[in-house]
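J.: need a structure here:
(4 chains)
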Protein chains: 2
Amino acid sequence: MSKLPSTTSAQIDIFRLLNEVGIIHQLSSSAFEKTLPHGLTVAQFSVLNHFTRLGDGSTPAQLASAFQVTRGTMTSTLKRLSDKGFVEIRPNDADGRSKRVYMTDGGRAARADGITASTPHFARIVEALSAEERKMILPLLEKLRIWLDNHR
Amino acid sequence: MSKLPSTTSAQIDIFRLLNEVGIIHQLSSSAFEKTLPHGLTVAQFSVLNHFTRLGDGSTPAQLASAFQVTRGTMTSTLKRLSDKGFVEIRPNDADGRSKRVYMTDGGRAARADGITASTPHFARIVEALSAEERKMILPLLEKLRIWLDNHR
DNA sequence: ACTATATAGTATTATATCAAATTAAATTGG
DNA sequence: CCAATTTAATTTGATATAATACTATATAGT
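T.: A predicted model of the protein is given here:
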């Protein structure tokens, strides 16, 4: 008769918490993506948005690190953005192994369209939680995210 | 001069919230999956676990609905479980279009191995948040999940 | 200077996921 | 009772993702 490890209620809480997180992620990102124009995916839009907020010219490896994805994943996302003409990938003069990624005018326009199209969507979701609830949940999520990031 | 829609701080909260949720999901599910034996993925393990908790014999459509994925996605997950011999898919006598899914002994054993292997993992994550914080965050996530589910 | 190691980007393979189209079976309406 | 509609499962095609392996370049240590 083999025996399974005993599971505490705290572990069950964590399991349920991560389960809810998974469902929320799936529902919210698929809804968000449906609002995006130009066939942009969330991953593609996020890269364009990153450039607008923090400036372009990053290397693929820096982007992969910023988005917590592998370099292979970033290669693929950048290729799709480049095929659409939204970014330009040029050699990195400072390092022959590396490249630099720049947003094109088309990319800037697509990002702006994406903001315009998705803003009403986020405005609606706001009503899902009260201002107090939103203020309460954000630091908790940050704390969990940081813990997970530090323990992998 | 075109103008972007103005964005309220509440919308920024929601955007950041969903962003944290996305990162947490990515980090936690990839860490969880690494602990699973028999090449089980989170999606596959979740189906086996569902059967153990709630009994087997569901139709693929019922499972798709329970996990909030499309029927096509569930078809694919069930095929992989079936290829591994962890579930058996039989005709549904009550409905010729439909099928019923049953867990095999191998599936039960694989699920038990998965529990054994992942329990220490969840035991460690518990320390990421205090008991109070875990109690606080869960209802908020549930509320958000339910809202998103009702508004798609 | 040369070798060993590390890093950047890419290619490959496997899985999950959705959307849209397809097929078969059940249900409904006239 | 038959035609139209709905539902169940599957198939196909696209994208994201991780792992792994590979190539080219850079860096370090001797």
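J.: Tell me the pLDDT of the residue nearest to A:S118 when sequence neighbours are not counted.
T.: Of all residues not flanking A:S118 in the chain, A:T35 sits nearest, at 4.6 Å (CB to CB, 6 or more residues apart in numbering or on different chains). Using the backbone N, CA and C atoms, a C-beta is placed for each residue, glycine as well. We have a pLDDT of 94 for A:T35.
J.: what's A:T35 sitting at in phi/psi?
T.: Per-residue torsions, A:T35: phi -80, psi -20 (degrees, to the nearest 10).
J.: Repeat that for A:S30.
T.: When quoted as degrees, to the nearest 10, the phi and psi of A:S30 stand at phi -70, psi -40.
J.: residue contacts, it?
T.: Neighbouring residues of A:S30 by CB atoms under 8 Å, 6 or more residues apart in numbering or on different chains: B:R152.
J.: switch the cut-off to 7 Å
T.: Contacts for A:S30 (CB atoms under 7 Å, 6 or more residues apart in numbering or on different chains) come out as none.
J.: That one and A:P37, how far apart?
T.: 16 Å (CB to CB, to the nearest Å).
J.: Might one say that A:L18 is in contact with B:S28?
T.: Yes: assessed by CB atoms under 7 Å, A:L18 is found in contact with B:S28 at 4.9 Å.
J.: who's more crowded, the two?
T.: Neighbours were counted for A:L18 and for B:S28 using other CB atoms under 10 Å in any protein chain shown; B:S28 has more, 25 against 22.
J.: how close does that one get to B:T70?
T.: In terms of CB to CB, B:S28 sits 23 Å off from B:T70.
J.: can you check A:N92 too?
T.: Distance, A:N92 to B:T70, using CB to CB: 41 Å.
J.: residue ranges with poor pLDDT in chain A?
T.: A:1-6 (pLDDT under 70).
J.: What residues does it have near DNA strand C?
T.: Proximity of chain A to DNA strand C (CB under 7 Å from any atom of the strand) is limited to residues A:26, A:30, A:34, A:59-62, A:64, A:71-72, A:75, A:78, A:89, A:92, A:95, A:97-99.
J.: swap the cut-off to 10 Å and go again
T.: For chain A, the residues in contact with DNA strand C (CB under 10 Å from any atom of the strand) are A:22-23, A:25-27, A:29-31, A:33-34, A:58-65, A:70-79, A:82, A:89, A:91-92, A:95-101.
J.: Okay, and which of those residues map to strands?
T.: A:I89, A:P91, A:K99, A:R100, A:V101 (DSSP state E).
J.: Reformat those as CSV; add distance to DNA strand D.
T.: What follows is those, written out as CSV (distance: CB to the nearest atom of the strand, whole Å):
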residue, distance to DNA strand D
A:I89, 15
A:P91, 10
A:K99, 11
A:R100, 13
A:V101, 15
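J.: List buried residues within the residues you listed.
T.: A:I89, A:R100, A:V101 (16 or more other CB atoms under 10 Å in any protein chain shown).
J.: Look up which residues are beta-bridged to the first one.
T.: Bridge pairing for A:I89 (DSSP bridges) gives the partners A:V101.
J.: just to revisit the earlier point, tell me which two of the ones in strands among the residues of chain A next to DNA strand C sit farthest apart.
T.: Greatest spatial distance among those (CB to CB): A:P91 and A:V101, at 11.3 Å.
J.: what about the helices in chain A?
T.: A:9-35, A:42-54, A:60-66, A:71-83, A:105-125, A:131-150 (DSSP state H).
J.: What separation is found between the N-terminal and C-terminal residues of stretch A:115-133?
T.: Start to finish, the residues bounding stretch A:115-133 are 25 Å apart (CA to CA, to the nearest Å).
J.: Measure how far that stretch is from the centre of its chain, please.
T.: 17 Å (CA atoms, centre = their mean, to the nearest Å).
J.: Show me the contact partners of it.
T.: For stretch A:115-133, contacts defined as CB under 7 Å, 6+ apart pick out A:31-32, A:35-37, B:4-5, B:7, B:10-11, B:14-15, B:140, B:143-144, B:147-148.
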